[in-house]
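Trainee: any chance you can model this:
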Amino acid sequence: IPDPLHRAWHATVAWVNGPAPPRIYTITPLFPKLQHAPLTLLNHYAPSRIHRVLLYLLWCLSWLLTFSLILRASSFSASVPHHGSPVRLSCSARYWSEGDHCGLNGDECRPFSNATLAFRCPADCHKTQVLNPHAVGDQEVVYRPLVVGGPAEQQTGFEEVLVEDAVYRGDSFICASAVHAGFISDAEGGCGVLTLTGEQAGFTSSKRHGIESTAFDSYFPHSFGFLRGTRASCKDLRWPALAISVCFTVLLGLFTTDPLTFFCSSVVILFFQTALATDPPSLTNYYSLLSVALGRFLPACFCAWVTYRYTVRRSLTNLTAQIEKCVLWLGAAWVGALNNQTFDKIPIQRLTPHDIESQPGAIPALILIVLAIFFIALGQAWAFRVEGRMPRYLAIYGLMVTALLLMLAIPGLNLRIHHYILALLLLPGTSFQNRPSLLYQGLLLGLFVNGIARWGFDSILQTPYELLKGAQQGSLLPDIQVLGIGESNVTFGFGRLPVWDERLGVRFDGVSVLVNDVERFRGFVDEREVGEGELTWTWSRHRTVWPEYFRFAYMAGSFAGDFSKAGVWTREGEWVGMREG
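Mentor: So this is what the prediction gives:
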């Protein structure tokens, strides 16, 4: 080895190993008398260990009782007069499913009319967006609340019955529609009764109460509106519950120096506040919600213990800067746990190549996030060098990067870094007792808790179908020919069947047709008589005064490929072909 290279190697190794002896970071409290005042008070009034244990048990019982009473009032105590207890809906709840999932003529999503539903909506439903393009006629709705319709401009048959005479298409988000109609408050949620209004036409567009709806200039067999005089007094009490939980954790943070007690108690409160109040999973039954939360809690506890054992303990042991601990570590933990509120404006809904390419503003946001992580990592790497721990952590992160690259190379699966995984990957880099590390550590722990409490332990490797469920798969699209068209009838030919889709490895032997986003035809080659030729289908116009929108997809048994863009049969009887895609 040449001497210059040999000297450079030894100089690099010496630099990486850091100073001798290493300098261990510790936090000296600012204004120590002020920050030690809670400890002085505790020593005066609870000098013995038994006193402190009793105080801690009282603290635990007080939080549990208060939090439980608020949750009960927020989830179980409401009733709608003459309609009983309401059904708990998620912000994304709707009647009508995607594509052909409601079956032929929508029969699997019946009833269409003459039915009511007493419901309960949570707060903040204006933030729930549809993440994959959803067809509404020849339009596509994406990255916004799915609300189609609003105050009607024509006769609905429900005048003087519905709030604002507003009618919404059956595939609209129910809770966002209720906010749009002014039926419930977005800030507090609410209860009420909706009624199914059957087939309606001419759905209007308007921006009301912070939600912009989409217009649809044709008919749809399933619609709903909100009955006047049925709004009940029930509020989503997530914010009072949050205030209680924050106060209790701050109180504990000020009066304890034991790192394990502080960490475990904070994680438990962060988890159940997120899972049951501020960002719960989308479940309509509260007992199911409790079951899911408890099922996720135990494995989350194991991850939290490992994090404490190898990362957090070093940061919190012998830390007596009580106020700084609450502001930096605990405050950041709450910011991370409230991810649905604090980082909601960042235009990256899912960290996948598909979403980053398609969502407006996602690429600049990702660049800023990567740059921020890079510069923070440089600061943390310097801290590792100062403490003499850089070689060990270079090895740890080298193994992590190698594992990620190996997973990235596995064919047929996509790597997806959920935010709970990102937090677990970055947390080892915060194992110092300095102020920046307290901030980063609390934030990452909060993101981990939010990810598990809300979404569970989703796999780091997912199939393309799991990753983009509901999105276009890139399948073949039918070769459509208009064989005949008039004012009242149109006939389509579907070309040669079956066809082989090389990309998906599927043999398509049928065709599905959506008319106004409702499946009206499903035909297969084996249904034809011998010698009949190509598969064809004739549709008679349902309403003469409205245009009709047609979308086509190949079928393989019960599996439907991608649906095409919409072709339009205008009210004048002309055909406007589909755009590509």
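
Trainee: hey, where'd the helices end up in the stretch 451-581 of the chain?
Mentor: All helices of the stretch 451-581 of the chain, identified by DSSP state H, counting those that start in this stretch, fall at 464-467.

Trainee: so where's it uncertain?
Mentor: 470, 527-533 (pLDDT under 70).

Trainee: correct me, but residue 104 touches residue 520?
Mentor: Yes: at 7.4 Å, residue 104 counts as touching residue 520 under the criterion of Cβ atoms under 8 Å. Any C-beta I mention is one placed from the backbone N, CA and C, and that applies to glycine too.

Trainee: so the two - more neighbours on which side?
Mentor: Legend: neighbour count by other Cβ atoms under 10 Å for residue 104 and residue 520, higher for residue 520 (17 against 13).

Trainee: residues contacting that one?
Mentor: 104-105, 513-514, 539 (Cβ atoms under 8 Å, 6 or more residues apart in numbering).

Trainee: ok, now how distant is it from residue 540?
Mentor: To residue 540, residue 520 is 10 Å away according to Cβ to Cβ, to the nearest Å.

Trainee: quick check, pLDDT for the residue lying closest to residue 242 once chain neighbours are set aside.
Mentor: Among residues not flanking residue 242 along the chain, residue 278 sits closest, at 5.8 Å (Cβ to Cβ, 6 or more residues apart in numbering). On pLDDT, residue 278 comes in at 93.

Trainee: OK, contacts around residue 278?
Mentor: Counting by Cβ under 8 Å, 6+ apart, residue 278 makes contact with 238, 241-242, 337-338, 340-341.

Trainee: between those, which has the most around it?
Mentor: Busiest of the contacts of residue 278 [other Cβ under 10 Å] is residue 337, holding 32 neighbours.

Trainee: for the residue nearest to that residue when sequence neighbours are not counted, grab phi and psi.
Mentor: Closest residue to residue 337 apart from its sequence neighbours, by Cβ to Cβ, 6+ apart: residue 446 at 4.0 Å. Backbone dihedrals for residue 446, given as degrees, to the nearest 10, come out at phi -60, psi -40.

Trainee: same question, residue 207
Mentor: The phi and psi torsions at residue 207 (degrees, to the nearest 10) take the values phi -110, psi 110.

Trainee: let me know the pLDDT of it.
Mentor: Reported pLDDT for residue 207: 96.

Trainee: try residue 167
Mentor: Value listed for residue 167 in the pLDDT field: 97.

Trainee: same question, the one 4 residues further on
Mentor: pLDDT recorded at residue 171 is 96.

Trainee: surely the residue nearest to residue 337 and residue 271 touch.
Mentor: No: Residue 446 lies out of contact with residue 271 (Cβ under 8 Å); the separation is 10.4 Å.

Trainee: neighbour count winner among those two?
Mentor: Here residue 446 and residue 271 are compared on neighbour count by other Cβ under 10 Å; more neighbours surround residue 446, at 27 against 22.

Trainee: what about that one, distance to residue 329?
Mentor: For residue 446, the distance to residue 329 equals 10 Å [Cβ to Cβ].

Trainee: cool, and residue 461?
Mentor: Distance of residue 461 to residue 329, computed by Cβ to Cβ: 32 Å.

Trainee: these two: which has the busier surroundings?
Mentor: Neighbours were counted for residue 461 and for residue 329 using other Cβ under 10 Å; residue 329 has more, 28 against 14.

Trainee: now for that one: which residues touch it?
Mentor: 253, 315-316, 438-439, 441-442.

Trainee: now residue 506
Mentor: The neighbourhood of residue 506, defined by Cβ under 8 Å, 6+ apart, consists of 475, 500, 556, 559, 561.

Trainee: and with 10 Å instead?
Mentor: By Cβ atoms under 10 Å, 6 or more residues apart in numbering, the contact set of residue 506 is 473, 475-476, 498-500, 554-557, 559, 561.

Trainee: show me which residues of the longest helix along the chain are buried.
Mentor: For the chain, the longest helix by residue count, based on DSSP state H, is helix 49-75. Applying a neighbour-count criterion of 16 or more other Cβ atoms under 10 Å, one finds 52, 56, 59, 63, 66-67, 70-71, 74-75 buried in helix 49-75.

Trainee: and which of the residues you listed is nearest to residue 468?
Mentor: residue 75 (32.9 Å; Cβ to Cβ).

Trainee: confirm for me that the closest one is in contact with residue 276.
Mentor: Yes: between residue 75 and residue 276 a contact is recorded at 8.4 Å, counting by Cβ atoms under 10 Å.

Trainee: tabulate the contacts of residue 520 (TSV), appending distance to residue 151.
Mentor: As requested, these are exported to TSV (distance: Cβ to Cβ, whole Å):
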residue	distance to residue 151
104	32
105	28
513	32
514	27
539	31
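
Trainee: can you list which of those are found in strands?
Mentor: The strands, defined by DSSP state E, take in 513-514, 539 from these.

Trainee: got the contact list for stretch 342-351?
Mentor: Counting contacts by Cβ under 10 Å, 6+ apart, the residues touching stretch 342-351 from outside are 124, 127, 129, 131, 143, 334-336, 338-339, 355-356, 359-366, 368-369, 415-419, 421-422, 443, 446-447, 450, 467-468.
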